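[1] Sequence first, then the predicted structure:
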Protein chains: 2
Amino acid sequence: MREQAVDYHPDLGAAMDLIISAGGKRIRPAMTILIGKMFDAPSDLLLSLATAIEMLHTATLVHDDLIDGALLRRGTPTLNSKWTPGATVLTGDFVFARAAKLASDTESVPVIKLFARALTIIVNGEIVQLLGSKCMADRENYLKRIYAKTASVFETSAQSAALIAGVSNETVEAMRRYGYEIGMAFQIIDDMLAFTAEQATMGKPVGSDLHQGIITLPALNYVERHADDPLAKMLLSGKCLNEDQVNRLIESIRRSDAIRTSHQEAVEYVERGLENLCRLPPTAERFALEELANYIVERKF
Amino acid sequence: MREQAVDYHPDLGAAMDLIISAGGKRIRPAMTILIGKMFDAPSDLLLSLATAIEMLHTATLVHDDLIDGALLRRGTPTLNSKWTPGATVLTGDFVFARAAKLASDTESVPVIKLFARALTIIVNGEIVQLLGSKCMADRENYLKRIYAKTASVFETSAQSAALIAGVSNETVEAMRRYGYEIGMAFQIIDDMLAFTAEQATMGKPVGSDLHQGIITLPALNYVERHADDPLAKMLLSGKCLNEDQVNRLIESIRRSDAIRTSHQEAVEYVERGLENLCRLPPTAERFALEELANYIVERKF
């Protein structure tokens, strides 16, 4: 990732350093590398692909944080908290450009098509979130949103690694399913942790989505099971809550079984994801992919 | 271009309509289609490629106008003059994503690499312009800037059309040169018209670059030939001018031979560009490419 800015304006290098030093779990490229290695994909192509995946993800975060006005991500300052909006837009564009370059280094048109598709889905999802209706307690809507936001890139990470390894269509499809299910689980856990973890751990306020009128799974599970709660009634009829009401709802959600139920749903996604690995030979990479999937639902941040 | 937003959020369709209705000369895709047809490139690939080129160009303009705070382009309101910054950033990203999809529809990895390269060069050029030194009267710097801003996409338009037609490397290189030279001429003429045309024709104030501390060829030609003018001295020593000084300098440039000299330089680029066509068979497309090149330096807006 660092190398990608070497021949360009020095501030782009500084931006890359800032973005890279902010850390992150690097789960998407880890998935790509494990799947690629499992199927003996050429190492150089795999490295380009994994870097491209993380940079695609990173570029969307750079623009996302700018649009949200987020000052922190993973507890460290965002690019937009230090740079002008213009420089932040262009840095995101630059990271997109380098992700496209790295994706094309795989020499695989199908892989590049998956990248273009993933970016289209992510950006359309963000437009829907920005311009669409707020305070919608709708499960189908939620699942579409987390697919666009997260599972689409996990799916691309897994499927494209299988593609460059040249395995059968059936195996490529199994890897795509694995990536999809794990990605859905990942976002559900993220949304759950937004209610249960402390602000210091998550790097953002508890229940911040709900404050912005975005209803995630814990809230959905709560309102579906507590239709008698006046706050649940409001959300189910599409009314937004004021700040005090949101704070009360967050407390109710934290005390209810909505958290445990959400976790259980994530576990079911992981189980469906793991089914796609069971026919594979028992390699170290397969075991690591199983561990990765289990880590997703066990993590505390 | 319209079709590219059909399956997504309706406001993206509205944005595409707004962008398309703003018009534009569509010179880049015209060049792509003429070169592709001249060499019998498959029509469907050529259409994808030409659309991808115009959308790549369009996406960069959407972000560029947002960053500059430009309210008008080609005399019609920009997207950022009507939409929030966030929606404008995302619309630009969406257009990038669709350009990447269309580029991948050519099924040519070399074409996709050219797109990724062009985007990298454009964005790096914008970063340099945004964060780099202002008021630099430096010819090498100017030529690098107009290559990044304009000639890189012209070059990509021409070279990628030849690539998908499967012609010899030598012919691909000749088309790349043609695109490069015409692109350089195009931007020089744009920079010249910024001094000579009326605001109503250009859709922006006369000499607006100079007001932002950006020195284009007419100003360069003036200061290089009038080193005794105190305003020229200031620019040559890297000092920025105040608004009154800029207005006086614009008047001096308009009255000087700097305009004619700049035009002559553009004509020389076009002549070098045309040399790359002279060995080609005398087809209708070749004549149209010659006309296109001559139109570039004859246009009044």
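    Thanks, I have the structure now. Since this is a predicted model, take the numbers as computed values, not measurements.

[2] which residue packs closest to A:Val267, ignoring adjacent ones?
    A:Val297 (5.3 Å; Cβ to Cβ, 6 or more residues apart in numbering or on different chains). (C-beta placed from N, C-alpha, C; glycine too.)

[3] Checking my notes, the one you found in a helix, right?
    Yes - counting by DSSP: H, G, I helix; E, B strand; the rest coil, A:Val297 is part of a helix.

[4] residues contacting it?
    Contact analysis of A:Val297 by Cβ atoms under 8 Å, 6 or more residues apart in numbering or on different chains lists A:Ala185, A:Ile189, A:His263, A:Ala266, A:Val267, A:Val270.

[5] what do you get for A:Ala97?
    B:Ala116, B:Leu119, B:Thr120, B:Val123.

[6] cool, A:Ala15 as well?
    Shown in contact with A:Ala15 (Cβ under 8 Å, 6+ apart): A:Ala5, A:Leu79, A:Trp83, A:Ala87, A:Thr91, A:Phe94.

[7] what do you get if the cut-off is 10 Å, keeping everything else the same?
    A:5, A:9, A:62, A:79, A:82-83, A:87-88, A:90-92, A:94-95, B:127 (Cβ atoms under 10 Å, 6 or more residues apart in numbering or on different chains).

[8] check which helix or strand covers it.
    If you go by DSSP states H and E, A:Ala15 is part of helix A:10-21.

[9] after that helix, next one along is what?
    Heading C-terminal from helix A:10-21 (DSSP H and E), you reach helix A:27-38.

[10] Which stretches in chain A count as strands?
    Assigned by DSSP state E, the strands in chain A fall at A:72-73, A:76-77.

[11] re the thing from before, can you name the two of the contacts of A:Val297 that sit furthest apart?
    Spatial extent of the contacts of A:Val297 (Cβ to Cβ) is set by the pair A:His263 and A:Val270 at 10.5 Å.

[12] Show me the common contact partners of those two, please.
    Shared contacts of A:His263 and A:Val270, counting by Cβ under 10 Å, 6+ apart, come down to A:Ala185, A:Ile188, A:Ile189, A:Val297, A:Glu298.

[13] Farthest pair within the residues you listed?
    The span of the shared contacts of A:His263 and A:Val270, defined through Cβ to Cβ, is set by A:Ile188 and A:Glu298 at 13.2 Å.

[14] Find residues that contact each of those two.
    Contacts common to A:Ile188 and A:Glu298, judged by Cβ under 10 Å, 6+ apart, are A:His263, A:Val267, A:Val270.

[15] Relative to A:Glu155, which of those residues is nearest.
    Among these, and counting by Cβ to Cβ, the member closest to A:Glu155 is A:Val270, at 14.7 Å.

[16] What is the least confident helix or strand in chain A?
    Between all helices and strands in chain A, the lowest mean by mean pLDDT, DSSP states H and E belongs to helix A:199-202, at a mean of 60.

[17] neighbour-wise, which of the shared contacts of A:Ile188 and A:Glu298 leads?
    Scoring these on neighbours with other Cβ atoms under 10 Å in any protein chain shown, the highest-scoring entry is A:Val270 at 26 neighbours.

[18] Tell me if I'm right that that residue and A:Ile189 touch.
    Yes - assessed by Cβ atoms under 10 Å, A:Val270 is found in contact with A:Ile189 at 9.4 Å.

[19] Which residues of the stretch 101-250 of chain A lie near chain B?
    The stretch 101-250 of chain A comes close to chain B at residues A:101-132, as judged by Cβ under 10 Å from any Cβ of the partner chain.

[20] hang on, the earlier thing: any chance of the contacts of A:Ala15 in JSON lines, with neighbour count too?
    Output for the contacts of A:Ala15, formatted as JSON lines (neighbours: other Cβ atoms under 10 Å in any protein chain shown):
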{"residue": "A:Ala5", "neighbour count": "23"}
{"residue": "A:His9", "neighbour count": "22"}
{"residue": "A:Val62", "neighbour count": "25"}
{"residue": "A:Leu79", "neighbour count": "22"}
{"residue": "A:Lys82", "neighbour count": "13"}
{"residue": "A:Trp83", "neighbour count": "20"}
{"residue": "A:Ala87", "neighbour count": "20"}
{"residue": "A:Thr88", "neighbour count": "23"}
{"residue": "A:Leu90", "neighbour count": "31"}
{"residue": "A:Thr91", "neighbour count": "29"}
{"residue": "A:Gly92", "neighbour count": "28"}
{"residue": "A:Phe94", "neighbour count": "27"}
{"residue": "A:Val95", "neighbour count": "29"}
{"residue": "B:Ile127", "neighbour count": "23"}
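
[21] In TSV, list those along with distance to A:Lys239 and pLDDT.
    Formatted as TSV, these follow (distance: Cβ to Cβ, whole Å; pLDDT from 0 to 100):
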residue	distance to A:Lys239	pLDDT
A:Ala5	47	94
A:His9	48	94
A:Val62	34	96
A:Leu79	35	94
A:Lys82	38	93
A:Trp83	38	93
A:Ala87	39	96
A:Thr88	34	97
A:Leu90	40	97
A:Thr91	39	97
A:Gly92	35	97
A:Phe94	42	97
A:Val95	39	97
B:Ile127	44	96
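
[22] so which of those comes closest to A:Ala227?
    When the contacts of A:Ala15 are ranked by distance to A:Ala227 (Cβ to Cβ), A:Val62 comes first, at 40.1 Å.

[23] who touches that closest one in this structure?
    A:Val62 neighbours (Cβ under 10 Å, 6+ apart): A:15, A:19, A:73, A:78-80, A:83, A:88-96.
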